[in-house]
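>>> Next comes the sequence, and after it the predicted model I'd like to discuss.
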Amino acid sequence: MSELNNPFPFLQAESVVADPSSPDRPNYRRPGHEPSLGAAHDPINPYAEDPSWTGSDLFLAALVMIVALFVFTSISFGVGSLYMHRPVRELVNDPGALWIVPPTGLAYLAVMLFLSIRLARVRHAQFWRAVSWGWPKGLGGFGFLVLGAATTVVLNLVARFLPIPKSLPVDRFFADRPSAYLMAFFGVLVAPLAEELIFRGFLYPVLDRWLQTLFMLPQRLRSGSLWICVIAGWGYLQHRTQAPWTQILTGLLLVGIAGIFLARSANSRQKPAYGVLLPGVSLLLWGHIAHLLPGRSSAYAAAGLLGLTLLGLVFAAAPPLRAWPASKIGRGLAMFITAAAFAMMHSDQLGGNWAALVILFAVSWVLTIARVVTGAVAPGVLIHMGYNGLLFFQLYAVSDHFRNLERLVR
């Protein structure tokens, strides 16, 4: 979607059948009729987003992100150890922005390059058209920047009434003036583009399509809900237990999942058994993430997953929903998960403080609404830039042009 003339494209009821190979294929479905649940293949909700990629592509992109972060961060710490004459272990325990931010930016770039190449070679889609970039016309871009700045002002007022500590773990990245300038550059120009493409460009459309259709399939909804419950319990176990047997169990699960995947893929003439690999690796990946999360953040995440389990089981016990009500519930849930995932990604920087996470969730919610209403990614990027831009300008002014950084934690 390259223009923003219709701010509510998913409400348009006109039936349009698009050629999937066409470069002008819309990134959402316009319903002509509701699908039959008795079809040979599972239906796709006609009101849902229709991205060119699938969950498998996002899974591979996540692996690229993990590997790229490990490689680039290892190189950065090695160079930093030689330059600063400090042991690598000491640098890892107390890293500065100069050794963390550049590797993160390179990892973002690696993910974007991977997705761009995969869209072109496997999905036969052009990157910017596929993600519905949609740069606003005229002064629309400036309006979105102002909206982002206004969000900063409103949430700053709200934050005064919340128990947010004066000092957070992210403050260690403002140790000196060069680090502060690097954080400002990254936070205003790099992070908004990369994070909006990842969360609102790639993750949200897949969640929207999957969840809208899921509420039309009770059996699949029940199975998915129970698996989420298993993932929540596994993550809690990994976080609370430091015993060696959990590491051994993790290794056995990894070998078992890989064995089942290879065996089923070898017997399949169509495609690899991603139905085995994706849930299994999701289990192991969440266990690792939960192990690293601060105590409160891990508890919040586990509670949220259990809440999703209960919600899914309630809907699974009811008759299948028709396309329109399923679209409303699925889209709302996709928006919530996207906003929550964005907030949780920054949890470590906020020390797991619930009040700070609420503020960040509110920011993410605004960005997700912008993606849904406009049907494009660029407005969210501009709002994100406006929000971070005013935030860093306030820090710049309070600290006397980043000369007195100790003022930031008073």
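Yep, it's here.
>>> Identify the residues contacting Arg172.
Each residue near Arg172 by Cβ atoms under 8 Å, 6 or more residues apart in numbering is listed here: 94-96. C-betas here are computed from N, CA, C, even on glycine.
>>> tell me which residues of stretch 63-70 are tucked away?
The neighbour-count check on stretch 63-70 (16 or more other Cβ atoms under 10 Å) flags 64-65, 68-69 as buried.
>>> In helices only, show me these.
64-65, 68-69 (DSSP state H).
>>> of those, closest to Arg121?
Within these, proximity to Arg121 (Cβ to Cβ) peaks at Val64, which comes in at 14.8 Å.
>>> Verify the contact between the closest one and Met112 for me.
No. Applying Cβ atoms under 8 Å, one finds Val64 not in contact with Met112, separated by 9.9 Å.
>>> and Thr152, how many neighbours?
Thr152 has 19 neighbours, counted by other Cβ atoms under 10 Å.
>>> Over to Leu162. Which of the three states is it?
Here Leu162 is recorded as coil under DSSP: H, G, I helix; E, B strand; the rest coil.
>>> Just confirm it contacts Leu360, I think it does.
No. Leu162 lies out of contact with Leu360 (Cβ under 8 Å); the separation is 11.7 Å.
>>> between those two, which one's more packed in?
More neighbours surround Leu360 than the other of Leu162 and Leu360, with 22 against 13 (other Cβ under 10 Å).
>>> Nearest residue to that one in space, please, no chain neighbours.
The spatially closest residue to Leu360, leaving aside those adjacent along the chain, is Ala343, at 4.4 Å (Cβ to Cβ, 6 or more residues apart in numbering).
>>> which ones are touching that neighbour?
357, 360-361, 364.
>>> Is it possible to mark the buried ones in those residues?
Using 16+ other Cβ under 10 Å, the buried ones in the contacts of Ala343 are 357, 360-361, 364.
>>> Please report phi then psi for the residue of the chain most remote from its centre.
Relative to the centre of the chain, the most outlying C-alpha is that of His85, 36.6 Å out, by Cα atoms, centre = their mean. Dihedral pair for His85: phi 60, psi 50, per degrees, to the nearest 10.
>>> Check Glu49 too.
Backbone torsions for Glu49, taken as degrees, to the nearest 10, come to phi -60, psi 150.
>>> and it, how many residues sit next to it?
24.
>>> Setting the sequence-adjacent residues aside, check what's closest to it.
Sequence neighbours aside, Pro205 is the residue nearest to Glu49 in space, at 3.9 Å (criterion: Cβ to Cβ, 6+ apart).
>>> Also Val170?
Gln349 (4.0 Å).
>>> show me the contacts for that neighbour.
168-170.
>>> Try it again at 10 Å.
Neighbour list for Gln349: 168-173, 356, 360 [criterion: Cβ atoms under 10 Å, 6 or more residues apart in numbering].
>>> With Arg89 instead?
Residues in contact with Arg89, defined by Cβ under 10 Å, 6+ apart, are 77, 81.
>>> pLDDT score for it?
pLDDT for Arg89: 81.
>>> Could you list the low-confidence segments of the stretch 151-300 of the chain?
Scanning the stretch 151-300 of the chain with the threshold set as pLDDT under 70 gives 242-244, 246-247, 254, 261-262, 264-278, 281, 292, 294-295.
>>> and with 80 instead?
Low-confidence segments of the stretch 151-300 of the chain, defined by pLDDT under 80: 238-298.
>>> What segments of it are helices?
Under the criterion DSSP state H, counting those that start in this stretch, the stretch 151-300 of the chain contains helices at 177-185, 191-196, 204-214, 218-240, 244-267, 274-292, 295-317.
>>> Highest mean neighbour count out of these?
Highest mean neighbour count of the helices of the stretch 151-300 of the chain: helix 204-214, a mean of 24 (counted as mean count of other Cβ atoms under 10 Å).
>>> mind saving the C-alpha coords of that helix as PDB?
Output in PDB follows, covering the C-alpha atoms of helix 204-214 (Å, rounded to 0.1, in the frame of the first residue of the first chain):
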ATOM      1  CA  TYR A 204       2.100  -8.100  13.100                       C
ATOM      2  CA  PRO A 205       0.800  -9.200   9.600                       C
ATOM      3  CA  VAL A 206       1.700 -12.900  10.300                       C
ATOM      4  CA  LEU A 207       0.100 -12.700  13.800                       C
ATOM      5  CA  ASP A 208      -3.000 -11.000  12.300                       C
ATOM      6  CA  ARG A 209      -3.500 -13.600   9.600                       C
ATOM      7  CA  TRP A 210      -2.800 -16.500  12.000                       C
ATOM      8  CA  LEU A 211      -5.000 -15.300  14.900                       C
ATOM      9  CA  GLN A 212      -8.000 -14.200  12.800                       C
ATOM     10  CA  THR A 213      -8.100 -17.700  11.200                       C
ATOM     11  CA  LEU A 214      -7.300 -19.500  14.400                       C
END
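>>> Report all helices and strands that that helix contacts.
Here helix 204-214 touches helix 55-84, helix 218-240, helix 295-317, helix 323-345, helix 354-374, going by 3 or more Cβ pairs under 10 Å, 6 or more residues apart in numbering; DSSP states H and E.
>>> Alright, I will stop here.
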